[in-house]
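> Give me the fold of what follows.
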Amino acid sequence: MQKRPKPMTHTKVLLAIFTVITLLGCGDKTNDSFLPDPDRVELNLALGNPSNARADRTSEENYLIQLPQYSLSYSRSKGIPNWVSWHLSDDWLGSTARSEFFEPYAELPAGWYQVQSNDYAFVANGFDRGHNCPSADRTLNDADNRATFFMTNMIPQAPKHNQGVWANLENYCRRLVREGNELYIIAGNHGVGGTTIKGYREKLAEGRVTVPRHLWKIIVVLPKGDNDLRRIDEKTRVIAVSIQNKDSLGDEHWGDYRVSVNEIEAASGYDFLSELPNSIEAILEARVDEEEIP
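Got it, this is the predicted structure:
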């Protein structure tokens with residue numbers, strides 16, 4: 001895949017602009033813990049902004065939302081994120097109970113539909129409200145956990161997929177953290193259409209929410225330390241997984257669906273790991289993880 005030219009690093013500029021827009025926006029925050037914190041937010045996009053998402057209401061299909069807990073690109077027409085990016089270390093993990101309070105994200109630009117919890121209508125459609133950034137990855141405090149329940153962090157996900165093969169991958173990520181690592185994770189989707197016991201669906205909520213066909217995740221694994229970007233080299237472990245959104249895959253092992261980052265780039269059109277030197281990026285993106293999984 002031909003790589004796009006690397007843009008100049010502009011994360012801090014975007015953060016400053018986004019903060020001003022947020023503070024001057026039409027709605028008041030219900031909790032200051034959801035305001036962007038440059039020190040925390042910058043980690044979420046440390047490896048790059050895969051789609052060059054912007055915090056500009058004219059960017060309706062690639063709208064940048066940055067919270068302390070994760071950053072994402074949101075599609076207004078699809079009602080789901082294109083991708084969600086976050087950092088995971090033991091600094092994010094604690095004993096906070098799961099919120100279970102799914103709520104619309106009130107800070108979307110004025111006039112945009114805010115997806116509601118009941119738009120997924122499980123009884124009728126059979127899809128879970130599937131987290132991108134998992135609730136269990138943000139258990140240090142109530143605000144962090146609650147942020148994972150914004151509907152802008154959700155996708156319609158086949159239940160056995162969500163609670164089986166995907167949950168096992170999420171658990172494995174936290175296991176890596178408990179073993180002394182920190183992770184940079186990007187989760188997203190491509191294609192349209194998923195299947196549950198209720199049948200095949202492409203849209204929910206009268207067309208406001210798109211059901212994705214494939215869910216993917218890219219995980220960069222580092223021993224916990226400082227100067228993370230400088231510590232990533234040709235030997236750094238990168239796990240990339242792409243799994244179709246259907247119930248019949250619930251009992252499968254996620255390790256059987258490992259692919260290269262290049263394959264996900266080709267399917268999604270995004271550019272991952274763009275903050276790394278080109279030579280290192282090329283090696284890491286071409287390789288399929290083959291480490292043995294306990």
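
> rest of the way, CA atoms for contacts and neighbours
Fine.

> Which residue ranges of this protein form helices?
11-23, 38-44, 122-125, 142-147, 159-160, 166-178, 228-231, 261-268, 278-286 (DSSP state H).

> now those in TSV, with mean pLDDT and distance to A136?
Shown next, in TSV, are the helices of the chain (pLDDT from 0 to 100; distance: least, CA to CA, whole Å):
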stretch	mean pLDDT	distance to A136
helix 11-23	41	26
helix 38-44	74	17
helix 122-125	82	22
helix 142-147	96	8
helix 159-160	95	17
helix 166-178	97	9
helix 228-231	95	23
helix 261-268	98	25
helix 278-286	98	27
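
> Could you point out which of those helices sits nearest A205?
Among those, the nearest to A205 by CA to CA is helix 122-125 (9.7 Å).

> Tell me where this protein has strands.
Remark: strands assigned in the chain by DSSP state E are 63-66, 71-75, 80-88, 128-131, 154-157, 181-190, 194-196, 199-201, 203-204, 209-210, 214-223, 237-244.

> Number of residues surrounding P134?
If you count neighbours by other CA atoms under 10 Å, P134 ends up with 17.

> For the residue lying closest to L88 once chain neighbours are set aside, give me the pLDDT.
Of all residues not flanking L88 in the chain, L183 sits nearest, at 5.0 Å (CA to CA, 6 or more residues apart in numbering). Per-residue confidence (pLDDT) for L183: 98.

> E291 now?
Reported pLDDT for E291: 96.

> Contact partners for it?
Applying CA atoms under 8 Å, 6 or more residues apart in numbering, we find E291 in contact with no residue.

> For it, what are phi and psi?
For E291, the backbone dihedrals (degrees, to the nearest 10) come out as phi -60, psi 140.

> how much space between it and R208?
As judged by CA to CA, to the nearest Å, E291 and R208 stand 40 Å apart.

> can you check D144 too?
Distance from D144 to R208, by CA to CA: 27 Å.

> Which residue of those two possesses the greater neighbour count?
For the pair D144 and R208, the greater number of neighbours falls to D144 (23 against 16), based on other CA under 10 Å.
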